[in-house]
Structure formats: structure tokens, C-alpha cells
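>>> Structure for the following, please:
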Amino acid sequence: MPTPENRLARQRASLAIVTVLLFAGGIAILVLPLRLPLPVRLLLAAGDFIVALVLFALLKQRRPRA
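Below you'll find the model as predicted:
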């Protein structure tokens with residue numbers, strides 16, 4: 001059974017990976033020559049960036065100590 005510290009560290013690592021992938025996906029949507037109209041590409045990339053920023057803020061929050 002993992003300890004709460006190990007579980008928290010694993011969750012933080014998973015969130016960090018997802019955040020990096022969302023940023024990379026947003027950049028890829030903007031840069032790669034996809035057959036999507038420009039407004040759709042901008043909305044998709046903006047959505048990826050917003051979600052990545054929210055997750056980044058969540059990662060940077062300090063966990064309150066009991």
C-alpha cells in the first residue's frame with residue numbers, strides 16, 4: 001500500500017506530464033499544417049493552453065499541512 005507521500009508525488013508527476021503534453025499539443029495544433037480552419041485551430045490551441053495553465057497552477061499550490 002503506497003504511503004500518502006508516495007501517492008502525492010506520483011499524482012504530481014502525472015499532472016506535470018499531462019501539463020507538458022497539453023502545451024506541446026497546443027503548439028503542434030498551431031504549427032502543424034492541419035486541415036482545420038484557422039478559428040478552429042486557434043480555439044483548440046487556446047483550450048489546450050488554458051487547461052495546461054490551470055493544471056500548472058494546481059501543481060504550484062502548496063499542500064496545507066494538518
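>>> In this structure, where is pLDDT below threshold?
The chain contains residues with pLDDT under 70 at 63-66.
>>> hmm, 90 instead?
Flagging of the chain using pLDDT under 90 yields the residue ranges 1-9, 11, 34, 60-66.
>>> show me where the protein has helices.
For the chain, the helices defined by DSSP state H cover 4-31, 38-60.
>>> Now tabulate these in JSON lines and tack on mean neighbour count.
No exception for glycine: its C-beta is placed from N, CA and C like everyone else's. Formatted as JSON lines, these follow (neighbours: other CB atoms under 10 Å):
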{"stretch": "helix 4-31", "mean neighbour count": "13"}
{"stretch": "helix 38-60", "mean neighbour count": "14"}
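>>> ok, the residue nearest to the spatial centre of the chain - contacts?
Nearest residue to the geometric centre of the chain (CA atoms, centre = their mean): residue 19, 2.3 Å. Neighbouring residues of residue 19 by CB atoms under 8 Å, 6 or more residues apart in numbering: 52, 55, 56, 59.
>>> can you tell me how far residue 35 sits from residue 26?
Counting by CB to CB, to the nearest Å, the gap from residue 35 to residue 26 is 18 Å.
>>> quick one: residue 10 and residue 56, what's the gap?
To residue 56, residue 10 is 18 Å away according to CB to CB.
>>> again, but for residue 44
From residue 44 to residue 56 the distance is 19 Å (CB to CB).
>>> Kindly report the same for residue 31.
Residue 31 sits 21 Å away from residue 56, going by CB to CB.
>>> do residue 38 as well
Taking CB to CB, one finds residue 38 at 26 Å from residue 56.
>>> how about the residue nearest to residue 19 when sequence neighbours are not counted, what does it touch?
Nearest in space to residue 19, with sequence neighbours left out and distances taken as CB to CB, 6 or more residues apart in numbering, is residue 55 at 4.5 Å. Counting by CB under 8 Å, 6+ apart, residue 55 makes contact with 15, 18, 19, 22.
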